[in-house]
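> please find the sequence and the predicted model below.
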Amino acid sequence: MVEQQLIRAAQSGDRDALITLLRNIETHVYRTAYYILNNEQDAMDASQEALIRIYTKINSYEEKAQFKTWVQRIVTNICIDKFRRTKPSVSIEEHELVFRGDDNVEREVLSTYVAKDIQEAIEKLPEHHRAVVVLRYLQDFSYNEIADSLNLPLNTVKSYLFRARQQLQSLLQDYQKGGVR
Amino acid sequence: MMNCPEVMELMNRYLDADLNELESAHLMEHLKQCSDCSEMFERLRHLSAELENMPKVMPKYSLVDAIMPQLDQIDRERELPEKSPQKVVPMKPRFWERLSFRSIGGVVAAGIIVGLFMVTYKPDTAQQADMELMSSQESAAADQKVEMQIDASSPSTSQPKAGSADQAVSQDVVTGTEKKDAEKPDARSADTAPKEEPTVAGTKSGATGDAAKAHQGNTDSSGGTSSNQGTADSKSVVGSKSGNDSSKVGALPNPVPPTKQEQDQQGTDGDSQRNVGGTSSDATLEDGQPVTVEIGSGEPRSLKSDAGDKGGNNLLSLVEYDTANPDSRAEVATSNGAYRAVFEKNKFMIYNAKDKEVYHQKLTNGVFSNPLWAEDNKTLTYTFTPRKADGQMGEEQVIQVKVKAKDKEKQQEKQQEKGKKSKS
């Protein structure tokens, strides 16, 4: 069964269809939670909560929206709530770009980003910036899909994403400097 | 000519494949002329590539499987007619409701037992039992004393029935450091053994359930007495059968226990005993040593006291976790020490030998009892009794959790992925 058929069956009360649907999406749900919360345990809790919510609220899904953005909206909402409860977010909204020409040392070590550093840098982003990055890179969402998922205007999505990139880039550069010296 | 901030946007949109040909041309043209932008572009491109290569993490176990009990409960609650006013009932009344139900159960069980004593035993013993009952109801502090009394009286009461076996039991009880630890599993398995129930953790018959509840309701007198009763019952079984074997084992100091073990494995469902067992005492059995294990309950007891020693907490002996009681806690370890299952604080966790959490699940409202590791040391079975929104207890169900040793593989995978990352 394709997703749409599964959804319709689930909405009309077919429990097996609903369970199959949940199985199909659990990895996507977990991945988003993992990268927003940056913690395996919290991610497990949040994604279980999200799946349960999807299970109970399947009838509130309307076909005019994409199912995957509906799902991601649920999981990001849960994660952002969780995130707010656990750690007060540090605002680094306005971070001026370092646009100066840099020395060659940095150019040489440009290729040594480690996944761990990137995750650490993502963790430093404000929650919505982080969510945008996660949906763009882990879920391969378009601007529009991200906007639907997060209930944000398209332009806001773009500006969050662009700013997040600059932020990450600059944070990673700092890590590298620290690593070199 | 575009300025640099405008180009910055183009760069970003380029990374998202959002540029048309003309815009791309503009971007490239600017980059050729502006070394700052060109460098920034390189960085962003690199960053974007790294972001796309972030490890595609997977949950370490199926989340849907993990939430299945909760989903089942949601379904059951939906089937119930809506009783919205009762949903707002605060915790306290519910708790008392339960308590009173339990204590009623306890009193009923105690009554039955007292009745049995009256019928079965000499009058003076019956009086004693009565006194024990009375004193135990006074306070929890009296528990210790009560059990001591029972210990003292049991050999004399049941000596006519089965002498040596009974002594073994009482000795063990006396030597047990934690009285409660010792008493409870004893009573439970003694109860189940004569009934030949295949699995202890499986569906319980009414009587067993009652007895178990009587324990939990802090009516230790009934616990103590029923355990005596239970052992007496099983002893009579042993007694009749061990007559055949007596010539073989008669010389041993404690001839009956191993016999009982054998019989259990032959006569009743051998698996049930195995399930319960699999601990070190099993090993001694295989060695052919005269065993100090007492009838039918050696293994569960050693399991329990293991758990008790670690925590040094009396609560650990309750092999039941109730989400309505924040202080309750249940813990069982596998016989090989590889895993430890813990129910506490609305969570169910499995730890490995290094105390690392390998499984973690939020619990739904209800009572989780009789967690038991199977012989393979990987499968945990427990009974879950959901509590419905209106405070009533639902139908109990047996839940099985299997630990798959995936930890190592997972770590290796991660390392491989990391290796790839640092190379690229």
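Perfect, I can see it now. Numbers count the residues shown, from 1 in each chain, chains lettered A, B, ... in the order given.

> can you get me a residue count around the residue lying closest to residue A:44 once chain neighbours are set aside?
Leaving out its chain neighbours, the residue that sits closest to residue A:44 by Cβ to Cβ, 6 or more residues apart in numbering or on different chains is residue B:360, at 6.0 Å. Backbone N, C-alpha and C define where each C-beta goes, glycine included. Number of residues near residue B:360 (other Cβ atoms under 10 Å in any protein chain shown) recorded here: 18.

> regarding residue B:360, what is its secondary structure?
Following DSSP: H, G, I helix; E, B strand; the rest coil, we place residue B:360 in the strand state.

> if you look at the biggest helix by length in chain A, does any of it touch chain B?
Assignment by DSSP state H gives helix A:154-180 as the longest helix of chain A. Yes: Helix A:154-180 lies within reach of chain B by Cβ under 8 Å from any Cβ of the partner chain, at A:158, A:161-162, A:165-166, A:168-169, A:172-173.

> check stretch A:121-133 too.
Yes: interface with chain B: stretch A:121-133 contributes residue A:133 (Cβ under 8 Å from any Cβ).

> ok, residue B:30 - how many residues close by?
Residue B:30 has 20 nearby residues by other Cβ under 10 Å.

> quick one: secondary structure of it?
helix.

> quick one: contacts for the closest residue to it other than its chain neighbours?
The shortest distance from residue B:30 to any non-neighbouring residue, by Cβ to Cβ, 6+ apart, is to residue B:7 (4.9 Å). Contacts of residue B:7 were listed using Cβ atoms under 8 Å, 6 or more residues apart in numbering or on different chains, and they are B:27, B:30-31, B:34, B:37.

> break chain A into its domains for me.
Residue ranges for the domains of chain A, per automatic domain parsing: A:3-86, A:104-180.

> in what helix or strand does the residue most central in space within chain A lie?
Nearest residue to the geometric centre of chain A (Cα atoms, centre = their mean): residue A:134, 2.9 Å. In this assignment (DSSP states H and E), residue A:134 forms part of helix A:127-137.

> helices or strands up against that helix?
Where contact means 3 or more Cβ pairs under 8 Å, 6 or more residues apart in numbering or on different chains; DSSP states H and E, helix A:127-137 is packed against helix A:15-37, helix A:67-86, helix A:115-123, helix A:143-150, helix A:154-180, helix B:35-52.

> tell me which of the contacts of residue B:7 is nearest to chain A?
Minimum distance to chain A across the contacts of residue B:7 is 8.2 Å, recorded for residue B:37 (Cβ to the nearest Cβ).

> was I right to think the closest one contacts residue B:26?
No: shown here, residue B:37 and residue B:26 do not form a contact pair, counting by Cβ atoms under 8 Å, at 11.8 Å.

> those two: which has the busier surroundings?
residue B:37 (22 against 16).

> please export the C-alpha coordinates of the helix holding residue A:134 as CSV.
Extracted as CSV, the C-alpha positions of helix A:127-137 are listed here (Å, rounded to 0.1, in the frame of the first residue of the first chain):
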residue,chain,number,x,y,z
GLU,A,127,15.8,26.2,18.5
HIS,A,128,14.1,27.3,15.3
HIS,A,129,17.3,27.7,13.4
ARG,A,130,18.3,24.2,14.5
ALA,A,131,14.9,22.8,13.4
VAL,A,132,15.3,24.4,10.0
VAL,A,133,18.7,23.0,9.5
VAL,A,134,17.6,19.5,10.6
LEU,A,135,14.6,19.5,8.3
ARG,A,136,16.7,20.8,5.4
TYR,A,137,19.6,18.4,5.8
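
> tell me which residues are up against it.
Helix A:127-137 is contacted by residues A:31-32, A:35-36, A:72, A:76, A:79-80, A:83-84, A:89, A:122-123, A:125, A:141, A:145-146, A:149-150, A:152, A:157, A:160-161, A:163-165, A:167-168, B:16, B:48, B:51-52, B:54 when judged by Cβ under 8 Å, 6+ apart.

> would you show me how to pick out the buried ones of those residues in ChimeraX?
This is the ChimeraX syntax for the buried subset of these, where burial follows 16 or more other Cβ atoms under 10 Å in any protein chain shown:
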select /A:31,32,35,36,72,76,79,80,83,122,125,141,145,146,149,150,152,157,160,161,163,164,165,167,168 /B:48,51,54
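
> bridged to the closest residue to chain A within the stretch 251-400 of chain B, which residues?
Residue nearest to chain A within the stretch 251-400 of chain B: residue B:360 (6.0 Å; Cβ to the nearest Cβ). On the basis of DSSP bridges, residue B:360 is bridged to residue B:349.

> quick one: residues contacting residue B:346.
B:323, B:362-363.

> least confident of those residues?
Of all these, residue B:362 has the smallest pLDDT value, namely 75.

> number of nearby residues for that one?
Residue B:362, neighbours per other Cβ under 10 Å, totals 16.

> dihedrals phi and psi, residue B:343?
The phi/psi pair for residue B:343 (degrees, to the nearest 10) reads phi -110, psi 120.
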